[in-house]
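# sequence and predicted model, in that order:
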Amino acid sequence: MIDMHSHVLYGLDDGPSDMEGAWKIIRGAVDEGISQMIATPHVHNPHYHVTAQDTISQVEVLRGLIREEGVPLTLHTGQEVRLHEDIIENYKSGELLTLAQSRYMLLELPSQTVPAYTVRIIEQLIREGIMPIIAHPERNRAIAEKPERLQRLIRHGAYAQITAGSVSGHFGKGVQDLSLRLLEANCIHAYGSDVHNMEIRPLEFKKGLDVLVKKKHVDRIDILIENNARIIADQPLVQLELGEVRKKSWWKIGIS
């Protein structure tokens with residue numbers, strides 16, 4: 001299996017603070033059946049800005065250790081790119097990384113809103129041959145309040161990635177409920193751990209899949225796992241027709 005969203009690099013953003021922490025994530029990933037992982041540190045986030053060169057350099061360091069220890073995991077470069085006005089110029093200048101050097105870019109929205117210029121940025125990226133994947137939309141407050149905001153982005157060509165801990169209940173019942181409703185409406189295309197450490201923000205990769213099995217969503221597991229592999233292979237993603245997001249009269253959402 002492939003984890004397409006992780007903060008495994010150490011000392012760069014809010015991922016592990018040291019090599020030991022990064023190594024715990026790598027070992028934990030292998031224990032959960034993950035054979036490939038994309039490192040996606042924050043870039044242009046208000047709190048963290050990990051450059052492409054720093055990302056590439058540390059991935060090379062960790063790859064060397066993985067080889068030395070004989071760990072069966074392949075580590076790829078990537079970034080979690082915060083939505084911003086100059087994203088096209090930054091990409092053209094080589095400042096931004098796509099996922100595993102593919103056509104896919106992991107795009108992070110602000111936690112509270114979907115900015116008015118989001119569709120414009122999505123359309124500009126697509127014209128450049130870059131397919132944006134919206135990171136953890138289930139933890140965006142504006143989307144929680146009005147899920148059709150995510151559907152609008154998808155209709156304009158974006159994809160969406162759900163976080164394993166959201167599905168497993170790690171972020172609370174409200175986020176879990178929204179995650180399942182988005183999945184049922186075919187609004188989600190990829191699955192990532194968004195792991196930051198093994199203590200507070202663990203992998204939860206298998207736990208999330210176990211919940212989907214219990215909810216009888218095995219068919220959606222197959223699509224998510226297939227699409228993760230297609231990201232690595234730089235192939236078109238499997239898409240299903242968008243459905244209506246099941247309504248809820250209440251929810252409580254925790255943002256982090």
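Okay, I see it.
# helices of the stretch 101-250 of the chain, residue ranges please.
With DSSP state H, counting those that start in this stretch as the criterion, the stretch 101-250 of the chain has helices at 118-127, 141-145, 148-155, 164-168, 173-184, 205-214, 218-233.
# so residue 221 makes contact with residue 211?
No - the pair residue 221 and residue 211 fails to qualify as a contact (C-beta atoms under 8 Å) at a distance of 10.2 Å. From N, CA and C alone the C-beta is placed, and that goes for glycine too.
# the two: who's more crowded?
residue 211 (19 against 16; other C-beta atoms under 10 Å).
# isn't the more buried one right up against residue 168?
Yes - using C-beta under 8 Å, residue 211 makes contact with residue 168 at a distance of 5.6 Å.
# so what sits against both of the two?
Residues touching both residue 211 and residue 168 (C-beta atoms under 8 Å, 6 or more residues apart in numbering): residue 176.
# not counting its neighbours along the chain, what's nearest residue 202?
Excluding the flanking residues, the one nearest residue 202 by C-beta to C-beta, 6 or more residues apart in numbering is residue 195, at 6.2 Å.
# give me the number of residues near that neighbour?
28.
# OK, contacts around it?
Contacts for residue 195 (C-beta under 8 Å, 6+ apart) come out as 3, 6-8, 25, 28-29, 201-205.
# biggest helix in the protein, by residue count?
helix 52-69 (DSSP state H).
# starting at the chain centroid, how far to that one?
Taking C-alpha atoms, centre = their mean, to the nearest Å, one finds helix 52-69 lying 20 Å from the centre of the chain it belongs to.
# could you say what helices and strands that helix packs with?
Judged by 3 or more C-beta pairs under 8 Å, 6 or more residues apart in numbering; DSSP states H and E, the packing partners of helix 52-69 are helix 19-31, strand 36-39, strand 74-76.
# quick one: buried residues of the longest one?
By 16 or more other C-beta atoms under 10 Å, the buried positions in helix 19-31 come out as 21-26, 28-29.
# can I get those in CSV including pLDDT and distance to residue 69?
Shown next, in CSV, are the buried residues of helix 19-31 (pLDDT from 0 to 100; distance: C-beta to C-beta, whole Å):
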residue, pLDDT, distance to residue 69
21, 97, 16
22, 97, 13
23, 97, 9
24, 97, 13
25, 98, 14
26, 98, 9
28, 98, 14
29, 98, 13
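# re the thing from before, which of the helices of the stretch 101-250 of the chain sits most buried?
helix 164-168 (a mean of 26; mean count of other C-beta atoms under 10 Å).
# which stretches of this protein have low pLDDT?
Applying pLDDT under 70 to the chain picks out residues 248-256.
# swap in 90 and give it another go.
Applying pLDDT under 90 to the chain flags the ranges 240-241, 243-256.
# in it, which residue sits furthest out from the middle?
Computed with C-alpha atoms, centre = their mean, the residue of the chain farthest from its C-alpha average is residue 68, at 28.2 Å.
# put the alpha carbons of stretch 118-128 into PDB.
Coordinates of the C-alpha atoms in stretch 118-128 are reproduced here as PDB (Å, rounded to 0.1, in the frame of the first residue of the first chain):
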ATOM      1  CA  THR A 118      -9.500  28.700  -5.200                       C
ATOM      2  CA  VAL A 119     -11.300  27.800  -8.400                       C
ATOM      3  CA  ARG A 120      -9.100  30.200 -10.400                       C
ATOM      4  CA  ILE A 121      -5.900  28.600  -8.900                       C
ATOM      5  CA  ILE A 122      -7.200  25.100  -9.700                       C
ATOM      6  CA  GLU A 123      -8.000  26.000 -13.300                       C
ATOM      7  CA  GLN A 124      -4.500  27.600 -13.700                       C
ATOM      8  CA  LEU A 125      -2.800  24.600 -12.300                       C
ATOM      9  CA  ILE A 126      -4.700  22.300 -14.600                       C
ATOM     10  CA  ARG A 127      -3.700  24.400 -17.600                       C
ATOM     11  CA  GLU A 128      -0.100  23.900 -16.600                       C
END
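# ok, residues contacting that stretch?
For stretch 118-128, using C-beta under 8 Å, 6+ apart, the contacting residues are 83, 85, 87-88, 91-92, 105, 107, 109, 131-132, 152-153, 156-158.
# before I go, just wanted to say thanks for your time.
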